[in-house]
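Undergrad: Requesting a structural model of the entry that follows:
(2 chains)
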Amino acid sequence: MRNAWITVWVCSLAFSVLHGQDPGVISAPLPTPTTVVEPAPGKPKLKDINLAEMKKEREKTLKRIGEIDAKVNPVKERLVGELFGLIPEEYYALQNQAENPDSGSRYFPRMRKIYFASLEGAAIYFDEAFEALRQNEFWHGREEALIQKDVALFGMMEGEVSVAIAKLPNGADLTKMIAERAELMGKLNQSAPLYEYLTERRGWWRAYPNYLQTLEQESAEKLQQK
Amino acid sequence: MNIQRAFFVSVLLTGFLLTNGYGEVTLPGERKANPGLYEITSKFVRNMKIIRDLTPEKEIISQMNIVIEQADGIVKLYSENGAGRKRELMLREMKELEGAKNVSKRDLEKIDKMKAEIGELDKAGNFVKAGQYLTAAIGELRNLLDQVYSKDADRNELLRITRTHLEIYQYAYRELMK
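TA: Residues are numbered from 1 along each chain as shown, chains lettered A, B, ... in the order given. Presented below is the predicted three-dimensional model:
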């Protein structure tokens, strides 16, 4: 009986040493949490979105769009050349204008850099400004109108190119791929703002927890000044 | 014979009109690959005249007239005996030679010779003086534009266009006169 007690004591001692406890001190078992701790009021818990999966999905979509483009674009390039006399770069610029709504707002500041980069750029600016001024069109109205015109032009051209593609021997396959691309682009554009927010701005907000408060304070001060 | 002569004269006349007076063919609507002071200043004057006609403030209009007059003076000076073009080509060549990694003794001699020729082309220093007057006139116009406040979007846009014209012309002028 005594040997049994000694064995139990030795085992307990060994267990305590192995788990970093002071031998001889008998510790009470830790209480296991039975309820989930609620977040503090005013701080809503963020929904756990699998960003890695979202990123993977986007990459997969972009890869497929690239595959389709590699097959369809050479045919489109040839057709826009034949039908409208456009070089591929012109066609892609119009496509970019139509598919990315903010490309127009990026285009004009970029143009401003070109105007200041060389004498050719300065001459381009003077010619473009002359055309606009002569038609009594000011830049802000003209930029918006030009983007809308380009988007409409691209839509019209896409329609005619699709008709020409359908007439080709492999037209059915290409048409199917074009439809798939449009669907994928729609999906991509739909998820783009959320993806951008989660990958860029949320991090920024987290880095500046007092941002909203500062903003409110500033606007209140401005209102008071008025 | 008369028809042949008329054809010959018309070809010569068309050719002269297209060459812009400098032996370089520029078709209507075509943009020159390497625009010089003449092209840039002519375009600037052309646009400034439209901007002036759209501007409501009398004080600004009169300052714009001074700028247009000075810039027009540069265009005329440039056209006299083709001196402007010669000067510009030499300045470009000089810039290229000076910008080269290894400037040889021969190049340095060439640069000195060109500097002397440029001086000969403009003995009275009219180009430099005209440039100084124009820069001062543009500076004054920019000061006046900074004093204009408007709630009208179109007016503000025209002010922005005017400022951009002045900025771009000043940049181009500096580049050409280096």
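Undergrad: how about residue B:151, secondary structure?
TA: For residue B:151, the assignment made with DSSP: H, G, I helix; E, B strand; the rest coil gives coil.
Undergrad: buried ones in the host helix or strand of residue A:76?
TA: Following DSSP states H and E, the helix or strand that holds residue A:76 is helix A:51-84. Residues of helix A:51-84 classed as buried by neighbour count (16 or more other C-beta atoms under 10 Å in any protein chain shown): A:61, A:68, A:72, A:75, A:76, A:77, A:79, A:80. Where C-beta positions appear, they are placed from N, C-alpha and C, glycine not excepted.
Undergrad: cool, stretch B:100-117 as well?
TA: B:111, B:114.
Undergrad: following the helix or strand of chain B with the lowest mean pLDDT, which helix or strand shows up next?
TA: Sorting the helices and strands of chain B by mean pLDDT, DSSP states H and E puts helix B:2-19 at the bottom, at a mean of 56. On the C-terminal side of helix B:2-19, the nearest following helix or strand under DSSP H and E is helix B:37-54.
Undergrad: Go through the buried residues of helix A:51-84 and name the one nearest chain B.
TA: residue A:80 (23.1 Å; C-beta to the nearest C-beta).
Undergrad: What residues does chain B have near chain A?
TA: Proximity of chain B to chain A, by C-beta under 8 Å from any C-beta of the partner chain, involves residues B:31-36, B:39-40, B:43-44, B:46-47, B:50-51, B:54, B:153-154, B:157-158, B:160-161, B:164-165, B:167-169, B:171-172, B:175-176.
Undergrad: any chance you could map the helices in chain A?
TA: Remark: helices assigned in chain A by DSSP state H are A:2-18, A:51-84, A:88-99, A:103-117, A:119-134, A:139-166, A:171-196, A:202-207, A:211-225.
Undergrad: of all those, which lies closest to chain B?
TA: The minimum distance between chain B and those falls on helix A:119-134, with 3.7 Å, by C-beta to the nearest C-beta.
Undergrad: Counting neighbours, what do you get for residue B:45?
TA: The local packing count at residue B:45 equals 19, with neighbours defined by other C-beta atoms under 10 Å in any protein chain shown.
Undergrad: and what of the one 5 residues further on?
TA: Here the count is done by other C-beta under 10 Å, and residue B:50 has 16 residues near it.
Undergrad: Check the one 3 residues further on too.
TA: Residues near residue B:53, counting by other C-beta under 10 Å, number 10.
Undergrad: Give me the distance between it and residue A:127.
TA: The gap separating residue B:53 from residue A:127 is 18 Å, by C-beta to C-beta, to the nearest Å.
Undergrad: same check, this time on residue B:99
TA: Taking C-beta to C-beta as the criterion, residue B:99 is separated from residue A:127 by 28 Å.
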